[in-house]
Each structure stands twice: as structure tokens, then as C-alpha cells.
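Undergrad: Show me the folded form of this:
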Amino acid sequence: MKNLADLRKSYERATLDEASSPDNPIVFFKQWLAQAIEAQIPEPNAMTLATVGPEGRPSTRIVLVKDCNEQGLVWFTNYDSRKGKELLANPWAALQFHWVELERVVRMEGRVEKISPEHSDAYFQSRPLESRLGAWASPQSQVVASREALEQSFAEVKAKYGDHPPRPKHWGGYQLSPACWEFWQGRPSRLHDRLCYQHKNGAWQRSRLAP
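TA: Residues are numbered from 1 along each chain as shown. Modelled structure (predicted):
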């Protein structure tokens, strides 16, 4: 394997300055997300979700953003999973998007709440049938005896619900309402551009951070 200390890249695709960035970070984020989708980046809506458990230990995983509005970013998961239990104990979390091909990162931190059951119902019914059945079959984050046991659980759920499984009560959406955002654009000489937005006194305040 190549020496990891020798792995380097010069970031030269774009710049980021205050004059060209929107005053509202959600507008800014939507612009960058649209550009990531247009660039056909694999899984442009994939984001790292960081939570902290009752013992103070952080954990991360990849989830997919499925809605983005003025209130925040929405994803769906099993409420009984590790992340669900950690959010129940500590409803503050962080999200991060890394669009490698565009040399961009977006981070946000904020409070997380469950979305309405109606919103979760509507999204659940829009999912492929196999994904809906999988939400019933998989006890996410719990130990399972084997792959065969998981597939047997799926077969039993399919036999029970057929083509019309209802949304499990343990499955639904979360929304993170950002209190702060950071937009990062790679630049040469490691002098990267970093713009931070913080919500203070009812308005977004933008500042530049040193790289």
C-alpha cells in the first residue's frame, strides 16, 4: 500500500466568497445540492449523521436526505435503531455532505425532532415495495442470528402483508433544524474557503473562518 502520508491533492476547481454566497444558508445549500445532482455525483443526497449516546460517545453513519426546506433537513429511519435511541437521549446532532468531485463540504448542527406521522406515512408509501417490507423485517442495529434468519423474516413479512405493508410505528422521519451551517470549498495551498452561518437575534449572520 502506498504511504498514506504521501497522498495529496491540490484543490483548484472553484472559489467561495461572501459576495457570491446567498444570505440564507438553506438557499445556498439547495444551490450546491442541485449542482451536485447535475454533476451526476454518486449519491449526492448522502450525508453523514453524527449523534452522541448517553455515555457521551459519538457515532456516525450515512443516511439520505429526503426533504429540504426552511425548517431543516429530513431523513427516514428506524426509531429503535442506535441513532434513534441516541437522539431520544440527546436530540442534538450534526450532518455533513462531502461532494468529493466538486471539492466541497457542507456541515450543519442543530436540534432533531420527529416529523409528523402523516409526513412519514406519505413518504413510506412512496418507497419501493421491497424497502417497505424491509422496514418490517429488519430489527435495525440489533444482533441477528444469520443472513438466513434476516431473509426468513423478510419472507414472513411478505407473506403477511403482501403488496400493502403499512408503515411500522417504529419507522419514520427526523428533521434537523440547523442552528449553524458551514460551507467549505477546497482551494490551493490548503487555503480553503470556509463560510459559516449562525442564527442569532432572528437572522442569519455570516462570517469567514480560517482554514
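Undergrad: rest of the way, CA atoms for contacts and neighbours
TA: Fine.
Undergrad: Report the separation between the residue nearest to R190 when sequence neighbours are not counted and L73.
TA: Spatial nearest neighbour of R190, excluding adjacent residues (C-alpha to C-alpha, 6 or more residues apart in numbering): P211 at 7.2 Å. According to C-alpha to C-alpha, to the nearest Å, P211 stands 26 Å off from L73.
Undergrad: So between the two, which is more surrounded?
TA: L73 (20 against 11; other C-alpha atoms under 10 Å).
Undergrad: Just the element for that one, please.
TA: Taking DSSP states H and E as the definition, L73 sits inside strand 72-78.
Undergrad: ok, now E130?
TA: Under the assignment here (DSSP H and E), E130 is part of helix 129-137.
Undergrad: How far away from the center of its chain is that helix?
TA: 21 Å (C-alpha atoms, centre = their mean, to the nearest Å).
Undergrad: hang on, the earlier thing: contact partners for the residue nearest to R190?
TA: 190-194 (C-alpha atoms under 8 Å, 6 or more residues apart in numbering).
Undergrad: returning to what we had before: which residues sit against the helix holding E130?
TA: 78, 124-125, 150, 153-154, 157-158, 163-165, 167-168, 171.
Undergrad: Make a ChimeraX selection of whichever of these turn out to be buried.
TA: With 16 or more other C-alpha atoms under 10 Å as the criterion, this ChimeraX line picks the buried residues out of the contacts of helix 129-137:
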select :78,124,150,153,154,157,158,165,167,171
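Undergrad: Just flag the most distant two among the contacts of helix 129-137.
TA: The distance between the two most remote of the contacts of helix 129-137 (C-alpha to C-alpha) is 22.5 Å, for Q125 and L150.
Undergrad: need the strands for the protein, in chain order.
TA: 46-52, 58-64, 67-69, 72-78, 92-99, 104-114, 171-185, 193-200, 203-208 (DSSP state E).
Undergrad: quick one: which of the ones you listed is nearest S120?
TA: Once the strands of the chain are compared by C-alpha to C-alpha, strand 171-185 is nearest, at 5.1 Å.
Undergrad: Give me the helices and strands touching the closest one, please.
TA: Strand 171-185 sits against strand 72-78, strand 104-114, helix 117-126, strand 193-200, with contacts defined as 3 or more C-alpha pairs under 8 Å, 6 or more residues apart in numbering; DSSP states H and E.
Undergrad: Neighbouring strands - and their directions - for that strand?
TA: Sheet pairing here is set by DSSP bridges, and for strand 171-185 it gives strand 72-78 (antiparallel), strand 104-114 (antiparallel), strand 193-200 (antiparallel).
Undergrad: what angle sits between that strand and strand 203-208?
TA: 40 degrees (axes from the mean of the first three to the mean of the last three C-alpha atoms, to 10 degrees).
Undergrad: Identify the residues contacting the spatially most central residue of the chain.
TA: Note on the chain: the residue nearest the mean C-alpha position is M47, at 3.6 Å, using C-alpha atoms, centre = their mean. Taking C-alpha under 8 Å, 6+ apart as the criterion, M47 is in contact with 62-65, 95-98.
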